[in-house]
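*Asks:* I would like the atomic coordinates for the input below:
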Amino acid sequence: MLRIHFGPEDLGRVTVATGPDPLWELVTSLHRLRSRAGRWAYAEWHRDARAGLAGTALGRAVGKVLMPVLPRAVYFPDFVTPPEAGAGFEQGLAAILDTPRERIRHEIRTLHRLVGAPAWTAGLAEPDRLREFTDVLRAYHDAVIAPHHDVMRSRVDSERALRTRAFLDGGVDGLLSSMAPGIRWRPPVLEVDYCEDRDLHLGGRGLRLLPSYFCWRTPTSLADPELPPTLAYPLLHERTSAPERPTDASLATLLGRTRAAALRTLAHGATTCELARILGISPATATHHTTVLRDAGLVTSLRRSNKVLHTLTPTGAALLGRDRCEQRVSRRVESRGSAAGPAGTVEAC
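*Replies:* Residues are numbered from 1 along each chain as shown. Predicted structure coming up:
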């Protein structure tokens, strides 16, 4: 178990990552390639990744260069997941190249001691070898991770919407109490089901919460307690049938002022009852609109307890972006704040 100890200053310095961290996703995606655990949740990605790597020079480089340094094991080097990657993939690669050489050597020695690695990794701190390593990281990212970015972004956006609501409803206590299974808030300690038994004292540095698409079941943290505290945790994957390809008829039902207003509202996430209040319609009518949007592949719905939170899919976000200047919703419809029409409650408001 990992026990993360909070002080008074740390509670005001908890953040949730604004989007998928490309290097954390890269590392955990390599772990997914080497495991059958949860493969159903990544079936399409796994099929495409395997097909794209099989029998290629990149596939061989991934096996010989990336897998030994980033094993699915109790340890992998922290320098490969720098916080700068939160600003973008290239910024993350630049941070790897700027890592102090002695730190790289220390972390590689730790890798050899705890997990084992090929002899060539001992020279990874050398500039030419490190640049070759980042070249393989870039090629793998471009071929396997980047094409899946919109799906990852949509899922992380949905998770952020859930955590934001937990914070607004209950403050930091509400946020930390609402985390993924295997994470329990027992003030002032956050208990995390983990691959080893350890304690992490934040010491006023706060904690960066990092929802990760490819992280499966068990959260992951940096091994070095002196680095900025980070907890990468898994999204909740649910077995659902894939939406059917939208038909001309289903797309036609999207036309109309109220449904366009619903799509715009869901850009920031909303429950069915919230959507009903904002649009001035009954919960039953709001349910109908979200069902149509979901069947057309524009909205995803996540049930938590007795509420359903709706957010946009990548397709919905793209459609909203294209039509933002053309599809205006009247101020009268957007500003309505009370539900009207026949009662038809489908969830707790």
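*Asks:* how far does stretch 293-310 stretch from start to finish?
*Replies:* This stretch, stretch 293-310, spans 10 Å end to end (Cα to Cα, to the nearest Å).
*Asks:* what do you get for stretch 195-214?
*Replies:* Stretch 195-214: ends 17 Å apart by Cα to Cα.
*Asks:* Any regions of the stretch 151-300 of the chain where pLDDT drops low?
*Replies:* Screening the stretch 151-300 of the chain residue by residue with the criterion pLDDT under 70, one finds the ranges 238-255.
*Asks:* how about the strands in it?
*Replies:* Using DSSP state E, counting those that start in this stretch, the strands assigned to the stretch 151-300 of the chain run over residues 183-186, 189-192, 198-201, 207-212, 220-221, 230-234, 270-271, 299-304.
*Asks:* who does the second one pair up with?
*Replies:* Strand pairing for strand 189-192, using DSSP bridges, gives strand 2-5 (antiparallel), strand 183-186 (antiparallel).
*Asks:* okay, those, which one's buried deepest?
*Replies:* Ranked by average neighbour count under the criterion mean count of other Cβ atoms under 10 Å, these are headed by strand 2-5 at a mean of 18. Glycine gets a C-beta too; all of them are placed from N, C-alpha and C.
*Asks:* and that one, what's its mean pLDDT?
*Replies:* If you average the pLDDT over strand 2-5, you get 96.
*Asks:* Only alpha carbons, please: show that strand as PDB.
*Replies:* Coordinates of each C-alpha in strand 2-5 appear next as PDB, following Å, rounded to 0.1, in the frame of the first residue of the first chain:
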ATOM      1  CA  LEU A   2       1.100   3.600  -0.700                       C
ATOM      2  CA  ARG A   3       0.200   6.000   2.000                       C
ATOM      3  CA  ILE A   4       0.300   9.700   0.900                       C
ATOM      4  CA  HIS A   5       0.500  12.000   3.900                       C
END
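*Asks:* what's in contact with that strand?
*Replies:* 188-194, 196-202, 207, 219, 221, 229, 231 (Cβ atoms under 8 Å, 6 or more residues apart in numbering).
*Asks:* got the buried residues for stretch 187-198?
*Replies:* For stretch 187-198, the buried set under the neighbour-count rule, 16 or more other Cβ atoms under 10 Å, comprises 190, 192, 194.
*Asks:* list the buried ones in stretch 210-221?
*Replies:* Of all the residues in stretch 210-221, those buried under the rule 16+ other Cβ under 10 Å are 210-216, 219-221.
*Asks:* JSON lines please, covering those and showing distance to Arg294.
*Replies:* Below are these laid out as JSON lines (distance: Cβ to Cβ, whole Å):
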{"residue": "Leu210", "distance to Arg294": "27"}
{"residue": "Pro211", "distance to Arg294": "22"}
{"residue": "Ser212", "distance to Arg294": "25"}
{"residue": "Tyr213", "distance to Arg294": "20"}
{"residue": "Phe214", "distance to Arg294": "24"}
{"residue": "Cys215", "distance to Arg294": "26"}
{"residue": "Trp216", "distance to Arg294": "25"}
{"residue": "Pro219", "distance to Arg294": "29"}
{"residue": "Thr220", "distance to Arg294": "32"}
{"residue": "Ser221", "distance to Arg294": "35"}
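*Asks:* Quick check: the farthest pair among those?
*Replies:* Maximum pairwise distance among those (Cβ to Cβ): 17.3 Å, between Tyr213 and Ser221.
*Asks:* ok, which stretches of the stretch 1-150 of the chain are strands?
*Replies:* Taking DSSP E, counting those that start in this stretch to define them, one finds strands in the stretch 1-150 of the chain at 2-5, 14-16.
*Asks:* And Pro22, how far from Leu162?
*Replies:* Distance, Pro22 to Leu162, by Cβ to Cβ, to the nearest Å: 22 Å.
*Asks:* likewise Pro127?
*Replies:* 43 Å.
*Asks:* The two - which one has more neighbours?
*Replies:* Neighbours around Pro127 and Leu162, counted as other Cβ atoms under 10 Å, are more numerous at Leu162. The numbers are 23 against 9.
*Asks:* what's the more buried one in contact with, if anything?
*Replies:* Shown in contact with Leu162 (Cβ under 8 Å, 6+ apart): 178, 269, 302, 304, 309.
*Asks:* Can you give me every residue that contacts the residue lying closest to Glu159 once chain neighbours are set aside?
*Replies:* Beyond its immediate neighbours in the sequence, the residue positioned closest to Glu159 (Cβ to Cβ, 6 or more residues apart in numbering) is Pro211, lying 4.2 Å away. By Cβ under 8 Å, 6+ apart, Pro211 lies in contact with 16-17, 155-156, 159-160, 163, 232-233, 235.
*Asks:* can you put the residues you listed in TSV and add neighbour count and distance to Leu275?
*Replies:* Listed next are those as TSV, based on neighbours: other Cβ atoms under 10 Å; distance: Cβ to Cβ, whole Å:
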residue	neighbour count	distance to Leu275
Val16	17	23
Ala17	19	26
Arg155	22	20
Val156	22	22
Glu159	23	19
Arg160	18	18
Arg163	19	20
Ala232	23	31
Tyr233	22	28
Leu235	20	23
